[in-house]
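Student: what's the 3D shape of this:
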Amino acid sequence: MKIIVAIDSLKGSLTSLEAGAAARDGILSASAKSDVKIFPLADGGEGTCRAIIGGLGGEIKSAKVCDPLGGKVVAEFGEVLEKKLAVIEMANAAGLPLVPENFRNPLNTTTYGVGELIRLAIADGCRNFVIGIGGSATNDCGLGMLTALGYKFIGANGIFGRDLEKISGVDDSNALPELRDCTFRIACDVTNPLTGDNGCSAIYAPQKGATPEIVSAMDAWIKNFAELSAKFLRLEKISVAGDGAAGGLGFAFRSYLRGELVPGVELVLDALDIATDLKSADVLITGEGRLDNQTAQGKAPSGVAKLAKKLNPQILTVGIGGSVADISDDAKLDAAFAILRSPMTLADAMNKKIAAENIFATVKQIVRLIERARVN
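Tutor: Down below sits the predicted model:
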């Protein structure tokens, strides 16, 4: 049998590749002649960089860049130089966990560090970018990032959200010339527009520390910024679905950097080129920490299962999870199994050694059953 293993990380326990390795060992224990290939899996959020870089054999790097409050943070990013590919999670430089709760205020945060990471990757020769933009602490509409890349915004006195207020024009004369040769694919699973009742300020800024007064003010500033940008860039549309992602960073990537907003799972699967192997596989084993009625709603296991069924309707898709509840048929999993083999505490279940053993044992039994059914 040809079996593809693509399991998302078990948060707080096993990485995607560690979970995949345990499943592979379980498969080979039951069916030594099976052809097994492991792909890391992620949904465009936390862990996406390591998943893609690990799957493609690239290098994880780190650099000291601007943090959301204008200080310094050591941020991780990845490169696959033979593909001229860089993978960046914006949260590593501008994520909400980097800001203490008592300092959270989108007027005072910036995406400047994200732009610095892009500059570093460009200097290394990268021209193709995959960017995860979940978990932001910012609502600066990409002002900080674009400033780091050489854009100048007339009237702005700095790089923070509050500096959107007085922008009256755009100057791109010092923007990095290499940006013209770059492609940006952005993992984006939200459809929020840039402004209005469902825009980035109204929906997401409150969790970043914004008061109702700040929300109202920033929404107006961002609307003005978008209108100025659209005129300067000659955009056909000022805003589209997804522009409100990450405090307007979606808009900055789409408009200034000609980026493409792509659902996170789809972007990761495409970057790993898993489709080629799924077309000829007999079985897909996927999963994550918990499989339930949310699995079909953009989660990574459902994403890879849907792709597998689309490419290869005869493939058997099997899900595993630390716990398994009701799962919609829309998830495209033929069956799902909980890996826990006996009652245990959550702490024990999340222990790396125990979790790996549980995956090994469960997958071994699954494959034994499949083998027996194939013989009959």
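Student: biggest helix in the protein by residues?
Tutor: Using DSSP state H, we find that the single longest helix of the chain is helix 352-375.
Student: just how off-centre is that one within its chain?
Tutor: 29 Å (CA atoms, centre = their mean, to the nearest Å).
Student: Pull out the buried residues from it.
Tutor: By 16 or more other CB atoms under 10 Å, the buried positions in helix 352-375 come out as 354-360, 362-364, 366-367, 370. To be clear about C-beta, it is placed using only N, CA and C from the backbone, and glycine gets the same treatment.
Student: With pLDDT and distance to residue 207 added, can I get the residues you listed in JSON lines?
Tutor: Shown next, in JSON lines, are the buried residues of helix 352-375 (pLDDT from 0 to 100; distance: CB to CB, whole Å):
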{"residue": "354", "pLDDT": "96", "distance to residue 207": "34"}
{"residue": "355", "pLDDT": "96", "distance to residue 207": "31"}
{"residue": "356", "pLDDT": "97", "distance to residue 207": "35"}
{"residue": "357", "pLDDT": "97", "distance to residue 207": "38"}
{"residue": "358", "pLDDT": "97", "distance to residue 207": "34"}
{"residue": "359", "pLDDT": "97", "distance to residue 207": "34"}
{"residue": "360", "pLDDT": "98", "distance to residue 207": "39"}
{"residue": "362", "pLDDT": "97", "distance to residue 207": "37"}
{"residue": "363", "pLDDT": "98", "distance to residue 207": "38"}
{"residue": "364", "pLDDT": "97", "distance to residue 207": "43"}
{"residue": "366", "pLDDT": "97", "distance to residue 207": "40"}
{"residue": "367", "pLDDT": "97", "distance to residue 207": "43"}
{"residue": "370", "pLDDT": "95", "distance to residue 207": "44"}
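Student: How much space separates residue 287 from residue 305?
Tutor: The gap separating residue 287 from residue 305 is 10 Å, by CB to CB, to the nearest Å.
Student: one step back: relative to residue 206, which of the buried residues of helix 352-375 is nearest.
Tutor: residue 355 (35.7 Å; CB to CB).
Student: give me phi/psi at the closest residue to the closest one other than its chain neighbours?
Tutor: Excluding its sequence neighbours, the residue lying closest to residue 355 (CB to CB, 6 or more residues apart in numbering) is residue 13, at 4.7 Å. Dihedral pair for residue 13: phi -130, psi -80, per degrees, to the nearest 10.
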